[in-house]
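Student: model the following, please.
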Amino acid sequence: MLKNIFRHTFDFFASLKLAVFLLIVLAVSLAAGTIIESLHGAPAAQQVIYHHPWFNFFLGVLAINVATAALDRIPWQQRHIGFLLTHAGILMILLGSWMTHRFAIDGHMSLTEREKDSKITIGQPLLQIIVPGTDQGVITPFKTTPFQWEGKRPIPLPGLPELRAYLTAYYPNAEPVERVVPKHGGSPAIRLELFNQTMTNDAWLLLGIQDHDLVNMGPAIIRFSATPMEQTKPQDFKGILILKFNDQEIQ
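Tutor: Residues are numbered from 1 along each chain as shown. Here you go, the predicted structure:
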């Protein structure tokens, strides 16, 4: 009885019908992954398709199907050489895919000509939490996703049992927006616009507020302060920046 069960199981995994079914599933999955990648980028396709457990499951079943189909031809003969080499090549590709997914580290290294380095930059950021006034802290990898998320997820903090941290929102693409509004007793503020034929840039400057009283706008560094900056003229000086304020020009 066990022999019959084993034979039926072996025949099922070695069957051509199973191979056709797996190839159709994988073809549809790869097509969907290509569409998702074109719309949302490679990380989205990896998360939804290529690195998902169900996709790896079908790849594993395909490997079993290929192996059992080759073993079903035992004893092998000379006319089976092409068949065996083809199936062995498929198994090597599937094994390489699994090893890449399991052990590979994805990163990049920027090098100039004749430069050497032994470090790479990986795309996974780190979340660092430090308790002020102490040497206690924790650094934990933060897994980014290509999709926006809101909710409440606990962040593990090993070594800091007295603290609780939660992730409540994540935006894969975000831009900070700063508003400047009139307020009694606030600091004076001016809004500048710098433009030429190729670019336009504007910024708010607040008097006496550090990191908000100076802006580097490419062609010029502009500061709003009660005292003048030291003025130096570089050797390759090519012109004068003119600022217009209340019909007055400042050079």
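Student: sec struct for residue 111, please.
Tutor: coil (DSSP: H, G, I helix; E, B strand; the rest coil).
Student: the one 4 residues further on now?
Tutor: The assignment at residue 115 comes out as coil when based on three-state DSSP.
Student: count the residues that sit near it.
Tutor: 8 (other Cβ atoms under 10 Å). (C-beta placed from N, C-alpha, C; glycine too.)
Student: cool, and residue 30?
Tutor: By other Cβ under 10 Å, 14 other residues sit near residue 30.
Student: nearest residue to it other than its sequence neighbours?
Tutor: Among residues not flanking residue 30 along the chain, residue 49 sits closest, at 7.7 Å (Cβ to Cβ, 6 or more residues apart in numbering).
Student: hmm, the one you found is touching residue 58, no?
Tutor: No - using Cβ atoms under 8 Å as the test, residue 49 is too far from residue 58 to be in contact (10.8 Å).
Student: low-confidence ranges in this protein?
Tutor: 196-197, 199, 217-220, 228-251 (pLDDT under 70).
Student: buried residues in the longest helix seen in it?
Tutor: Of all segments of type helix in the chain, defined using DSSP state H, the longest is helix 16-40. Neighbour counts over helix 16-40 (16 or more other Cβ atoms under 10 Å) mark 18, 19, 22, 29, 33, 36, 37 as buried.
Student: now the strands for the stretch 101-250 of the chain?
Tutor: Secondary structure of the stretch 101-250 of the chain (DSSP state E, counting those that start in this stretch): strands at 107-108, 121-122, 126-130, 137-141, 149-154, 166-170, 189-195, 200-206, 214-216, 221-223, 243-245, 248-250.
Student: still on that earlier bit, who has more neighbours, residue 49 and residue 58?
Tutor: Legend: neighbour count by other Cβ under 10 Å for residue 49 and residue 58, higher for residue 49 (19 against 15).
Student: wait, what's in contact with that one?
Tutor: Residue 49 makes contact with 29, 30, 32, 33, 36, 55, according to Cβ atoms under 8 Å, 6 or more residues apart in numbering.
Student: 7 Å - rerun?
Tutor: Taking Cβ atoms under 7 Å, 6 or more residues apart in numbering, we find residue 49 in contact with 29, 32, 33, 36, 55.
Student: for residue 40, see how far away it is.
Tutor: 11 Å (Cβ to Cβ, to the nearest Å).
Student: likewise for residue 128?
Tutor: For residue 128, the distance to residue 40 - Cβ to Cβ - is 28 Å.
Student: in what helix or strand does the closest residue to residue 26 other than its chain neighbours lie?
Tutor: Among residues not flanking residue 26 along the chain, residue 58 sits closest, at 6.0 Å (Cβ to Cβ, 6+ apart). Taking DSSP states H and E as the criterion, residue 58 maps to helix 53-71.
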